[in-house]
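Asks: build the 3D model from these lines:
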Amino acid sequence: MPVGTQGAVKALQQRELTAADAQIILSNTYHLYLRPGDDILYDAGGLHSFISWDRAILTDSGGYQVFSLSDLRKINDHGVEFRSHIDGTSHTFTPENVIRMQRVIGSDVMMQLDECIASNVDMSEVAAAMKRTVLWAERSIVALEEHKPLYGFEQMLFGIVQGGVYEELRHECVEKLIAMPFHGFAIGGLAVGEPIDDMYRITEYTARMLPEDKPRYLMGVGTPENMLRAIASGIDMFDCVLPTRNARNGMLFTSAGSLNIRNAKYKTDRQPVDGACECYTCLNFSRRYIRHLFVAGEILGLQLTTLHNITFYLRLMKEAREAIENDCYDYWMTGILEKMNE
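Replies: Below you'll find the model as predicted:
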């Protein structure tokens, strides 16, 4: 899912996302609540109408954003009190009002409010955050019934599994969440600084316990290799700022690995970014031209690199689906990773 935190995927227009075959984008409740606000979104008929996007939208609950505001927030069982990073005003998120906000946004997939916690804290703190997430999950289910859809279509609600790198905590959280009528489940609290082996271990362990007939979503991950290995563990959905953020810094993903287009060696390189890619960027422009755009500070450089990276990620996921359907995923994945790491 390309990340459009504030209702826009940075450096791309909606028509470019559609051309790249993006079926769903991710936006964020925290940011949309602060700006433009509930009143504007409700008056517009929801986020789809506001941003002229007729495909699916998933909204994160804002739990991770609040987690990142460690100096500006207080957490208790009722909810989270925080100060806006924009103007310092005080606000409160609860499981109930986060559901209400997402009803106003009108996203196709809503996430429960959860407590995300750093990877370097004691197990007791991780356990407390997990138990609070479960408590908030129960209240989110109740709120889902109390706050009905506003725009004539149903919305799905996903629960979020927390528990850090501790299998016993993940197991406890999964057991409690799958007893609730969520439409899908996410694995949260990873890619927050833990060793990569722990991320893979917990992803595989947790995904194995989640229902096979409901979507499984690994939040905030990651690199192409991260995603391919997580798919092998049973993950269905991803979001990550990496393809867009890296593109704006000149780092491009290709079928032969990554490259930094700012490097001097590309100054005279007539090749496309990736000869195996058929995106607009690769079909029409050379590496030397895109490097020139970055050196000259032209906005077009950010647009072309972002379009390429998003297209690369979406194509990789399409090929993964095809490999699964053809019952050759492990063989296909091994070949892809070997080529990328040559």
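Asks: name the SS class of Thr18, please.
Replies: Following DSSP: H, G, I helix; E, B strand; the rest coil, the label given to Thr18 is helix.
Asks: contacting residues for it?
Replies: Arg55 (Cβ atoms under 8 Å, 6 or more residues apart in numbering). Heads up, the C-betas are built off the backbone N, CA and C, glycines and all.
Asks: if you set the cut-off to 7 Å instead, what comes out?
Replies: Not one residue lies near Thr18 by Cβ atoms under 7 Å, 6 or more residues apart in numbering.
Asks: tell me which element Met180 falls in.
Replies: Using DSSP states H and E, Met180 maps to neither a helix nor a strand.
Asks: dihedrals phi and psi, it?
Replies: Main-chain dihedrals, Met180, degrees, to the nearest 10: phi -100, psi 150.
Asks: where exactly do the strands run in the stretch 1-150 of the chain?
Replies: In the stretch 1-150 of the chain, the strands defined using DSSP state E, counting those that start in this stretch lie at 24-28, 56-60, 73-75, 80-83, 90-93, 109-111.
Asks: who wins for proximity to Asn326 among the ones you listed?
Replies: The closest of the strands of the stretch 1-150 of the chain to Asn326 is strand 24-28. By Cβ to Cβ, the value is 23.7 Å.
Asks: tell me the most buried of the strands of the stretch 1-150 of the chain?
Replies: The highest mean neighbour count among the strands of the stretch 1-150 of the chain, using mean count of other Cβ atoms under 10 Å, belongs to strand 109-111: a mean of 26.
Asks: adding distance to Arg262 and mean pLDDT, write the strands of the stretch 1-150 of the chain out as a markdown table.
Replies: Output for the strands of the stretch 1-150 of the chain, formatted as a markdown table (distance: least, Cβ to Cβ, whole Å; pLDDT from 0 to 100):
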| stretch | distance to Arg262 | mean pLDDT |
| --- | --- | --- |
| strand 24-28 | 28 | 98 |
| strand 56-60 | 31 | 98 |
| strand 73-75 | 37 | 89 |
| strand 80-83 | 37 | 91 |
| strand 90-93 | 40 | 94 |
| strand 109-111 | 36 | 98 |
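Asks: of these, which is nearest Gly152?
Replies: Using Cβ to Cβ, those put strand 56-60 closest to Gly152, at 15.3 Å.
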